[in-house]
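Chemist: with the sequence up front, the predicted model follows.
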Amino acid sequence: MISGEDINTTAEALGDTVSLISSEDTTSIPATLESNSTQYSDLEEISISDTLLVPLPPTPYYKVEDKFLFDDLVDDISEEKACEEKRPRDRYNRYFVAFMILGAGFHLPFNSFVAAVDYFMLSFNRNNMAFIVASTNSYTVCLAVIINVVLVNKVSTHKRISFGYLAFMISLLSMALLVALTILGVVDSSTGFLVTIGATIFTGIGCGVQEASYYGYAGMLPSKYTRALMLGESFAGLVVSFNRIVTKLTIEDPLTNTVIFFSLSIVGEIVCIILHRYIKKSEFVKYYKAKEEAATAEDKHQYDTVSYSPLPSKTKKSAWDSIKEGLKLRLKVSKKIWKLMFGILNVYFVTNLLYPGVASVIGSSWSNGWLPVILITAFNLSDLVGTLVTGLPWKMPDNILLLMGCLRWALIPILLMSVLPLNGPFISGEGCPLIVILILGFTTGYMGSTPMCAAADKVSLEEREMAGNLMTMMMLLGLTLGSSSALIINKVMGIAGQSEI
C-alpha cells in the first residue's frame, strides 16, 4: 500500500528530474535518476528513467536522392511498357508463314536434285547418282557454312542471303537449260553429268551460306520463327516430291517433264526472293534487329567499362586477337548448347547415311523408277509430320534426345538388308523399306527441329545468331559425315555401273 508521503516524495523526484533536463545539466542526470530508481523500486512500472535515457530512433525521412531513384524506377517501368506496346504484332501469322516459305526456299534446290534422281539415273546410266548428288551437296554446304561462321561479323546477313539466291538461280537455270539442250541433241551425256555436278556445287554453296544466315536471322526473333524455318524445310521436300509426281504422271516424256519440273522450282525461288525483301523491310523484323543490336552494344559497353587494359579503347586489334576473341565467343556459346549440337550431328549423320543414297537403290518390281520417287515422298511427308509435332507443349529433354538419336542406328542394318545382297536381298519387297523410311523421316523431323528451336532459348539475346550458326554447322557436319559413309557403302555394294531404269 502506497502512502501519501511516498507519492509526495515521488513527485518531488520527478520535479527535480525535469528541472535538470531543462537546465541541460546532463552530467547529474544519471546519478539522480539512479538513486531515485533504487529508492523507489516498487514503482518500476511507472518509472520514466529508462525512457529518458534511451535515445529515440531517428524519424524516417526521404532523401532527395531517394526520390530521384524512385522516379527513375517509375520511368523505366513506364518506358518498358511503352516499348511493349510499340512492339509490332504478327497479325494473322503472316511473318510466320513467310519464314516457313523462306525455309522451304533454301532447301528447294537440293530437294529438286534429289527428286529428279530418276531422270539422272536414266540420262547418265548411273544408279549411284543419289550418292553423288547428296555427297557433293553435303561437302560444299559444310564448307560454305564454315566460311559463313567466319564471316558472320564481316558481311551483312542480307548480302549473304542474296548471294545464296544468286547461286540457286544459277544452278536451277543451268539444269533447266541443260535438259532443254539435251532434248535438242546439243549436249551429250558426259557433258550433262559435269554440268549437273557443277550445278550441285552451286546449290550446296548457296544453301550453306543462306541456311546458316537464315537461322541466325530467325534467332533474333521468338523461337517459333526458327520452327517456321524447320517446317519450311520439310514442306520443301514434300512440295518438290509432289511436283515431281505430278509432272511424271501428266507428261510421259522424261526430258520434257524434267524441264517443267526445274522451271517450277525456279518460280518458287523467285517467290522467296520477293518475300525476303518484304521481310527485310518490315517493322516486325526491324524491331527485333534493333533490340539485338542494342543488347550487343550494351554488352560491349559493359565489357569496355570493366576492362583494365592500359591501352586506349580505340587501339586496333590484330587479326590473331580477333580470331581468338571469336573462338572464345564460340566456345562460350558451345558450352551452353553442346548436348544439342552433338544430338543434331548424330541425327543427320544417320539420316544422310541412308537417305537418299541407300533408299534410291532398293530393288523393286515397279516399272519406270517409281519406287525411289515414292520413298522420297514418304520420307518428306513423315519429316513434315515430325517437324509439326515439335509445336506441342511438351518438349523432349536434352538427355533423352541424345539417347533416342543413338537408337536410330538400329535402322541402318535393317535398310541395308533390304538392298544386300544385290541379287537377292535378305528383306525383299517394298513394305519394310517403306516403314523404315517413314520412321527415319519422322525422327529426323522431330529430333532435327527440337534442338534447333531449343538452342536459341539457352543463350542470351546477343548470342542467338551465333548459336544458330553453330547448330547449322553441326547439322551440316553430320550430313557430310553421313554422305561420306554412304559413299563407302556405295563402293562396298558395287552398284555404280548398274541401272534398272
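Modeler: Yep, that arrived.

Chemist: could I get the full set of strands for the stretch 251-400 of the chain?
Modeler: Secondary structure of the stretch 251-400 of the chain (DSSP state E, counting those that start in this stretch): no strands located.

Chemist: any weak-confidence spans in the stretch 1-150 of the chain?
Modeler: Counting by pLDDT under 70, the stretch 1-150 of the chain contains low-confidence ranges at 1-86, 149.

Chemist: identify the spatial nearest neighbour of Leu354, chain neighbours not counted.
Modeler: Nearest residue to Leu354 in three dimensions, chain neighbours excluded: Leu415, at 5.3 Å (Cβ to Cβ, 6 or more residues apart in numbering). Where C-beta positions appear, they are placed from N, C-alpha and C, glycine not excepted.

Chemist: same question for Gly164.
Modeler: The shortest distance from Gly164 to any non-neighbouring residue, by Cβ to Cβ, 6+ apart, is to Gln210 (2.9 Å).

Chemist: let me know the helix or strand that that neighbour is in.
Modeler: Assessed by DSSP states H and E, Gln210 sits inside helix 189-219.

Chemist: the host helix or strand of Leu407 packs against which elements?
Modeler: Using DSSP H and E, Leu407 falls within helix 398-407. Applying 3 or more Cβ pairs under 8 Å, 6 or more residues apart in numbering; DSSP states H and E, one finds that helix 398-407 makes contact with helix 319-354, helix 431-457.

Chemist: off-centre distance for the shortest one?
Modeler: Same thing as helix 431-457. 16 Å (Cα atoms, centre = their mean, to the nearest Å).

Chemist: what is the subsequent helix or strand relative to it?
Modeler: helix 464-493.

Chemist: show me what that following helix is packed up against.
Modeler: The contact analysis (3+ Cβ pairs under 8 Å, 6+ apart) places helix 464-493 against helix 129-150, helix 189-219, helix 319-354, helix 357-360, helix 431-457.

Chemist: of all the ones you listed, which one is nearest Ile374?
Modeler: helix 431-457 (7.7 Å; Cβ to Cβ).

Chemist: before we move on, back to that, packed most tightly, which of the helices and strands packed on helix 398-407 would that be?
Modeler: Neighbour counts (mean count of other Cβ atoms under 10 Å) averaged over each of the helices and strands packed on helix 398-407 peak at helix 431-457, with a mean of 22.

Chemist: and Ser189, what does it touch?
Modeler: By Cβ atoms under 8 Å, 6 or more residues apart in numbering, the contact set of Ser189 is Ser123, Phe124, Asn125.

Chemist: of these - the most surrounded one?
Modeler: Counting neighbours by other Cβ atoms under 10 Å, Ser123 comes out on top of those with 21 neighbours.

Chemist: that residue touches Gly192, doesn't it?
Modeler: Yes: under the criterion of Cβ atoms under 8 Å, Ser123 makes contact with Gly192 at 6.3 Å.

Chemist: shared neighbours, those two?
Modeler: Going by Cβ under 8 Å, 6+ apart, residues that sit against Ser123 and also against Gly192 are Thr182.

Chemist: just the buried residues of stretch 414-429, please?
Modeler: The neighbour-count check on stretch 414-429 (16 or more other Cβ atoms under 10 Å) flags Ile414, Leu415, Leu416, Met417, Ser418, Val419, Leu420, Pro425, Ile427 as buried.

Chemist: just give the nearest non-adjacent residue to Val117, would you?
Modeler: Computed as Cβ to Cβ, 6+ apart, the closest residue to Val117 that is not its neighbour in sequence is Ala130, at 4.8 Å.

Chemist: so that neighbour makes contact with Pro356?
Modeler: Yes: assessed by Cβ under 8 Å, Ala130 is found in contact with Pro356 at 4.4 Å.

Chemist: find residues that contact each of these two.
Modeler: Going by Cβ under 8 Å, 6+ apart, residues that sit against Ala130 and also against Pro356 are Val114, Val117, Pro372.

Chemist: among the contacts of Ser189, which one lies nearest to Lys328?
Modeler: Nearest member of these to Lys328, counting by Cβ to Cβ, is Phe124, at 47.9 Å.

Chemist: how about the CA coordinates for stretch 453-472, as CSV?
Modeler: The C-alpha trace of stretch 453-472 is given here as CSV (Å, rounded to 0.1, in the frame of the first residue of the first chain):
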residue,chain,number,x,y,z
CYS,A,453,14.5,-24.4,-81.6
ALA,A,454,15.8,-25.1,-78.1
ALA,A,455,19.3,-23.7,-78.8
ALA,A,456,18.0,-20.1,-79.1
ASP,A,457,16.4,-20.3,-75.6
LYS,A,458,19.5,-21.5,-73.9
VAL,A,459,21.7,-18.4,-74.8
SER,A,460,21.5,-14.7,-74.3
LEU,A,461,19.9,-12.4,-76.9
GLU,A,462,23.2,-11.3,-78.4
GLU,A,463,24.4,-14.9,-78.7
ARG,A,464,21.4,-16.2,-80.6
GLU,A,465,22.7,-15.6,-84.1
MET,A,466,26.0,-17.3,-83.2
ALA,A,467,24.1,-20.3,-81.7
GLY,A,468,22.0,-20.6,-84.9
ASN,A,469,25.2,-20.7,-87.0
LEU,A,470,26.9,-23.3,-84.7
MET,A,471,23.8,-25.5,-84.7
THR,A,472,23.6,-25.3,-88.5
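
Chemist: how far does it sit from its chain's centre?
Modeler: Worked out by Cα atoms, centre = their mean, stretch 453-472 lies 5 Å from the chain centre.

Chemist: try stretch 141-159
Modeler: Distance, stretch centre to chain centre, for stretch 141-159: 16 Å (Cα atoms, centre = their mean).

Chemist: show me which positions of it end up buried.
Modeler: Quick answer for stretch 141-159 (16+ other Cβ under 10 Å): Val141, Cys142, Leu143, Ala144, Val145, Ile146, Ile147, Asn148, Val149, Val152, Thr157.

Chemist: do stretch 270-283 as well
Modeler: Under the neighbour-count criterion of 16+ other Cβ under 10 Å, stretch 270-283 has Cys272, Ile273, Leu275, His276, Ile279 buried.
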